[in-house]
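# turn this into a model:
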Amino acid sequence: MTILTVTVAVVPIGTLAVAVTATSWWDGVLVALGLFAPLLLLRQWTPDGLPDGSVLVAILSGASWGLSAALGGSPLGVFALSLGGAMIVTRLPRHRFIATLGLSVVAAALGSLVFIGRPFTILAAENYLLIPVATTLLVCAVMALVERYSSILLALERAKQAEAELAVARERIRFASDLHDIQGHTLHVIKLKTALAKQITDADPIAAKKELDEVQHLIADTIARTQDLVHAQRRLNVPAEAENAKNLLEAAGIAVTFAMLDQVKGLESTLLAQVLRETTTNILRHSNSTRATITIDGHRIEIVNDGAGTGPLPSLGGLSTLRSRLEEIGGTLEVAREAGIFRTTATVPAPDPIVSTSEHDR
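Below is the predicted model of the structure:
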């Protein structure tokens with residue numbers, strides 16, 4: 001944005017200024033060459049710090065203005081020095097105001113070289129002393145505003161990345177908490193029961209066997225519940241997951257449009273919630289999205305986000321496993337990317353209305 005703003009402003013205005021104020025063809029060439037140096041600096045511009053060649057650009061633009069003034073050229077030749085110097089001054093870590101005043105003094109001092117070949121007059125002083133000072137101060141003020149705007153954008157971008165990382169961290173903490181809920185208490189009970197079985201093995205073998213059977217049952221139940229957690233099935237439902245996805249994406253600075261066209265029905269809807277959770281994580285971790293749309297329509301869910309880049313589709317990771325599980329029950333999962341737009345669509349079989357009605361009657 002900084003490069004585009006400054007370039008669009010410099011090129012037309014600089015060309016017009018050279019054409020209108022140049023005193024001769026060599027003067028126009030000299031001013032144009034002076035403006036060319038700051039434009040080269042813009043090509044290497046980065047969000048932080050000074051690009052390589054900044055000092056050289058300042059020297060060249062200063063030499064261009066000094067030579068133009070000494071030869072009695074256009075007073076607007078100072079614009080190259082003002083722009084090149086302002087780009088450096090606004091990036092200094094401290095004393096920017098003093099540096100700006102110093103740059104203005106340098107512009108006036110180089111402009112005073114005009115009096116080598118002509119007598120001192122009020123008009124010449126205005127053109128080669130006051131105008132350079134005013135131009136330099138104005139350009140420095142504009143560049144300071146542009147730099148402030150750029151720093152705000154950079155801070156917002158970094159905040160967005162931090163929010164996305166925080167959202168992923170919250171998901172990991174939630175997973176760890178669920179895993180602790182499942183295994184922590186169960187392992188403690190297993191420890192107690194195995195200790196009890198060990199104590200009563202000789203005195204009451206039947207009771208000991210019963211305790212070990214209960215331990216085996218607890219282990220099998222824990223394995224099943226852990227597998228459900230790994231596949232994100234535990235306590236998942238589409239409305240709650242949609243609200244969670246909306247909150248996570250908005251916290252990361254992504255505008256979310258949510259539409260619930262029809263209530264989600266059927267036991268397989270937990271798979272749709274799982275797809276929504278996995279897709280939300282992918283958006284936060286692997287895209288640079290600014291907008292996302294979540295549409296839920298009965299047995300179908302669609303998530304569309306921008307900022308997906310171009311090229312071939314990446315590895316689907318968790319979505320690949322979900323696709324297999326959906327296909328096992330007659331559902332589908334499709335992904336597509338076009339012109340930076342990523343679309344994830346998942347469906348489960350529509351519930352049988354006859355079965356649903358009979359279950360409702362019961």
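# got the domain ranges for this structure?
2-156, 164-230, 238-358 (automatic domain parsing).
# could you dump those to TSV with mean neighbour count and mean pLDDT?
Every residue, glycine included, has its C-beta placed from N, CA and C. Converted to TSV, these look like this (neighbours: other C-beta atoms under 10 Å; pLDDT from 0 to 100):
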stretch	mean neighbour count	mean pLDDT
domain 2-156	17	78
domain 164-230	14	79
domain 238-358	17	80
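# which SS class is the nearest residue to A159 once chain neighbours are set aside?
Leaving aside its sequence neighbours, A159 sits nearest to G253 (C-beta to C-beta, 6 or more residues apart in numbering; 7.3 Å). Three-state call for G253 (DSSP: H, G, I helix; E, B strand; the rest coil): coil.
# correct me, but G253 touches R158?
No. Using C-beta atoms under 8 Å, G253 makes no contact with R158, being 10.8 Å away.
# which elements pack onto the strand or helix carrying L166?
In the assignment (DSSP states H and E), L166 maps to helix 131-200. Identification of packing neighbours for helix 131-200 by 3 or more C-beta pairs under 8 Å, 6 or more residues apart in numbering; DSSP states H and E yields helix 2-21, helix 78-89, helix 96-111, helix 205-230, helix 238-251, helix 269-286.
# so which of these gets nearest I329?
Closest approach to I329 among the helices and strands packed on helix 131-200 is made by helix 269-286 (7.5 Å; C-beta to C-beta).
# and that closest one with helix 131-200, angle?
Helix 269-286 and helix 131-200 meet at an angle of 140 degrees, taking axes from the mean of the first three to the mean of the last three C-alpha atoms, to 10 degrees as the criterion.
# got the CA coordinates for helix 269-286 in CSV?
Taking C-alpha atoms only, helix 269-286 is exported to CSV below (Å, rounded to 0.1, in the frame of the first residue of the first chain):
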residue,chain,number,x,y,z
SER,A,269,-25.1,-35.0,12.0
THR,A,270,-22.2,-35.3,14.4
LEU,A,271,-20.0,-35.9,11.4
LEU,A,272,-21.1,-32.6,10.0
ALA,A,273,-20.1,-30.9,13.2
GLN,A,274,-16.8,-32.6,13.0
VAL,A,275,-16.3,-31.4,9.4
LEU,A,276,-17.1,-27.9,10.6
ARG,A,277,-14.6,-28.1,13.4
GLU,A,278,-11.8,-29.4,11.1
THR,A,279,-12.5,-26.8,8.4
THR,A,280,-12.4,-24.0,11.0
THR,A,281,-9.0,-25.2,12.2
ASN,A,282,-7.7,-25.3,8.6
ILE,A,283,-8.9,-21.8,7.9
LEU,A,284,-7.2,-20.5,11.0
ARG,A,285,-3.9,-22.3,10.4
HIS,A,286,-3.5,-22.5,6.6
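# right, and the helix or strand after that helix?
strand 291-297.
# mind listing what whichever helix or strand comes after that next one pairs with, with the direction of each?
Downstream of strand 291-297, the next assigned helix or strand under DSSP H and E is strand 300-305. According to DSSP bridges, strand 300-305 forms sheet pairs with strand 291-297 (antiparallel), strand 341-347 (antiparallel).
# could you dump those strands to TSV with distance to R325?
Below are these laid out as TSV (distance: least, C-beta to C-beta, whole Å):
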stretch	distance to R325
strand 291-297	19
strand 341-347	10
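# and A37, how far from V304?
With distances taken as C-beta to C-beta, to the nearest Å, A37 is found 46 Å from V304.
# L30 now?
Applying C-beta to C-beta to L30 and V304 gives a distance of 55 Å.
# same thing with I173?
Counting by C-beta to C-beta - I173 and V304 are separated by 28 Å.
# for G84, same thing?
Using C-beta to C-beta, we find G84 at a distance of 45 Å from V304.
# ok, T186 touching T222?
Yes. The criterion here is C-beta under 8 Å, and T186 meets it with T222 at 4.7 Å.
# who touches both of the two?
Shared contacts of T186 and T222 (C-beta atoms under 8 Å, 6 or more residues apart in numbering): none.
# spit out the contact partners of R323.
Residues near R323 by C-beta under 8 Å, 6+ apart: 316, 332-333.
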